[in-house]
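**Q** Got a sequence here, can you model it:
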Amino acid sequence: METVLGIGDRYHDSNAALVAENGKILFAAAEERFSRIKKHGFMVVPSEKGFPKRTISWILQSKKPQGKKTKNIAVAGLGSKEFFQRTRQCFLFRKRHSLRDTIKTHAKNPKNFAALALNINASKHNPGYHTELARFGLGKAKYFDHHFCHAASAFYSSGYKKTAVLTIDYLGDWYSGSFFLGENNSLERKKFWWFDSLTTCKRYDTITAMLGYNPIKHAGKITGLAAFGKPNKKLEQKLLDYFKTEIKKWDYLEKPIEQALHNDRKKFSKYRDADIALALQQITEKSVLELLESLKQNYSINRLALAGGLFANVKLNMRIHDACAKKIFIHPAMGDEGTAYGAAALLLAKKGLEPKRLNNVYFGPEYSERQIETELKKQSVKFEKVRGIEMQIAELLAKGKVIARFDGRMEYGPRALGNRSILCQPTDKTVNDWLNKRLKRTEFMPFAPSILKEHAKKCLLNTAGAEYTAEFMNIAFDCTPWFAENCPAVVHIDNTARPQLVSKSVNNSYYKIIDEYRKITGLPAIINTSFNMHEEPIVCSPFDAIRAFKLGHLDYLAIGNCLAKNTQTKKSGSN
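**A** Purely as a prediction, here's the structure:
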């Protein structure tokens, strides 16, 4: 069986995927899960140039049973010659600097990611990833446009034979967004926006930094914070005026965002952070909906597939679904961590690959019972082997215990979907405070629910056309009064929830836990939050899981068929 090795972008969320010729994803993961450095890429670890060497090593070690040697390499991001040409086009369009002056000015700063991109890709001595690939015994790669890779990730995993595709992020190969039409096995780009002409993500990064958070890592916190804000039209207009004037003076090319914008918070000193976050969310929603309305004049967008970092914003996705897309799909790894799959899909499309639904997203590493037991003993953790562990987990959840679950293959994308998750019952609204404190997290978003798919209508409103993407926790919905009353811990202050709809055919073991909990309590949902400590990636290995279990003061660790009790845990509900 022929396979394609996809490699993700350099800047952040470096990743790799192995995809079979029929489009099936065999292995996929982000480099951060192996390096244990969140958002791993050049912007975070400059010395490694964003090459996902650990992920590729894991894939090559794991792929032996899959058949023939990997000969086809697809990279998300233009190669040196094409990137250099695109850079020239971009700077001529912007009419701000000549390309030569830009390189001369910014290549002096090795910490500047744009400078590195210009310097490496313009160099005749280091064309793309050729040197790194050679170290693995891999041949030449085919390079693809960043936004085409985003679009391909959404289109070829959507199951839609014909759909509109929209991609928006901060910057990728000098574009901030593209609009495509996908049909059968082809993607055709109809529009694109240079990174200065579509500033949606630039605005979000700007305000995230202004409020004291890292724009690469913490934009999602601003989305959650917005629900606590009060609408203020004057503040919205002031932000829009600010974006039109002050933001134009700043550029990633010129100085780090945190330094450039920290003092700008004083201009909004009379406004609460939550009010600023809400104004930003409303501006974002309006701008994207206006963009889609303009596209509707010439194209059908009743069916829409989305990818790009902006669409990690689940409230925005909800607005898009409610306003203009009867059917909506967001690729499970919507950010740059999904570009490796997108690149591989583009290469396979040349051989006739057509869109297919994903059966699941459990494409990461898995560990044998022997490996798990060996690590538990190594770390001196007492445990018991439990047959039918799902029933015992459900009983413990019903008693109010917090359980870290590590089972099967790790999830692909930024969401924990049951296999690397922390579980708890959804009835105690104070859990958002005390459990986040245990995990040393600073979150404004409530914990998300995992809901049995057949009970979705009892819990959520307006799910029609978005059920598939809701399997991956990538869209919010308004909640029913029954759900808000009985499961308050997973309902946000604005009466929305970001669910994972769980079906037996996708993850039978996880489904069984929730169903057994339903039989005990009458509730078809539990809390599901990612299994990680603050500022760390989701756990990957048994070692990671045991370490986080201890540091998080969690009640139990269900790892494979082994159950360990934390004898030093704090009482559930306490700080």
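**Q** can I assume Ser509 sits in a helix?
**A** Yes: membership of Ser509 in a helix is supported by DSSP: H, G, I helix; E, B strand; the rest coil.
**Q** so who does the nearest residue to Phe192 once chain neighbours are set aside touch?
**A** Spatial nearest neighbour of Phe192, excluding adjacent residues (Cβ to Cβ, 6 or more residues apart in numbering): Ser178 at 4.5 Å. In short, each C-beta sits where N, CA and C put it, glycine included. The neighbourhood of Ser178, defined by Cβ atoms under 8 Å, 6 or more residues apart in numbering, consists of 147-148, 150-151, 166-167, 189, 191-193.
**Q** Among the residues you listed, which ones are in strands?
**A** Judged by DSSP state E, the contacts of Ser178 include 166-167, 189, 191-193 as members of strands.
**Q** Now that we have these, which of them are buried?
**A** Buried residues within the ones in strands among the contacts of Ser178, defined by neighbour count using 16 or more other Cβ atoms under 10 Å: 166-167, 189, 192-193.
**Q** I'd like the average pLDDT over the longest helix that the chain contains.
**A** Assignment by DSSP state H gives helix 273-296 as the longest helix of the chain. The pLDDT scores in helix 273-296 average 96.
**Q** now for it, which elements pack on it?
**A** When contacts are defined as 3 or more Cβ pairs under 8 Å, 6 or more residues apart in numbering; DSSP states H and E, helix 273-296 sits against strand 162-172, helix 200-210, helix 219-226, helix 233-245, helix 314-323.
**Q** which regions of the stretch 1-150 of the chain sit below the pLDDT cut-off?
**A** Counting by pLDDT under 70, the stretch 1-150 of the chain shows low-confidence ranges at 63-69, 91-128.
**Q** quick revisit: may I see the helices and strands packed on helix 273-296 arranged in CSV, with distance to Cys424 and mean pLDDT as well?
**A** Below are the helices and strands packed on helix 273-296 laid out as CSV (distance: least, Cβ to Cβ, whole Å; pLDDT from 0 to 100):
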stretch, distance to Cys424, mean pLDDT
strand 162-172, 33, 94
helix 200-210, 28, 87
helix 219-226, 18, 90
helix 233-245, 36, 92
helix 314-323, 20, 97
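**Q** What are the buried residues along stretch 37-52?
**A** By neighbour count with 16+ other Cβ under 10 Å, stretch 37-52 contains the buried residues 37-45, 48-52.
**Q** quick revisit: pick the one among the contacts of Ser178 closest to Phe549.
**A** His150 (35.1 Å; Cβ to Cβ).
**Q** ok, the closest one to Leu310 distance?
**A** 10 Å (Cβ to Cβ, to the nearest Å).
**Q** With neighbour numbers in mind, choose between those two.
**A** Neighbour totals were compared for His150 and Leu310, and His150 leads with 33 against 25 (other Cβ atoms under 10 Å).
**Q** Now Ile328. Its backbone dihedrals?
**A** phi -140, psi 140 (degrees, to the nearest 10).
**Q** How about it: which residues does it bridge to?
**A** Ile328 has the following beta-bridge partners by DSSP bridges: Leu304.
**Q** just to revisit the earlier point, now render the contacts of Ser178 as JSON lines, adding distance to Ile538.
**A** Below are the contacts of Ser178 laid out as JSON lines (distance: Cβ to Cβ, whole Å):
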{"residue": "His147", "distance to Ile538": "26"}
{"residue": "Phe148", "distance to Ile538": "28"}
{"residue": "His150", "distance to Ile538": "22"}
{"residue": "Ala151", "distance to Ile538": "26"}
{"residue": "Leu166", "distance to Ile538": "27"}
{"residue": "Thr167", "distance to Ile538": "24"}
{"residue": "Arg189", "distance to Ile538": "33"}
{"residue": "Lys191", "distance to Ile538": "35"}
{"residue": "Phe192", "distance to Ile538": "33"}
{"residue": "Trp193", "distance to Ile538": "32"}
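**Q** closest to Leu347 among the residues you listed?
**A** The nearest member of the contacts of Ser178 to Leu347, counting by Cβ to Cβ, is Phe148 at 11.2 Å.
**Q** No more questions from me, cheers.
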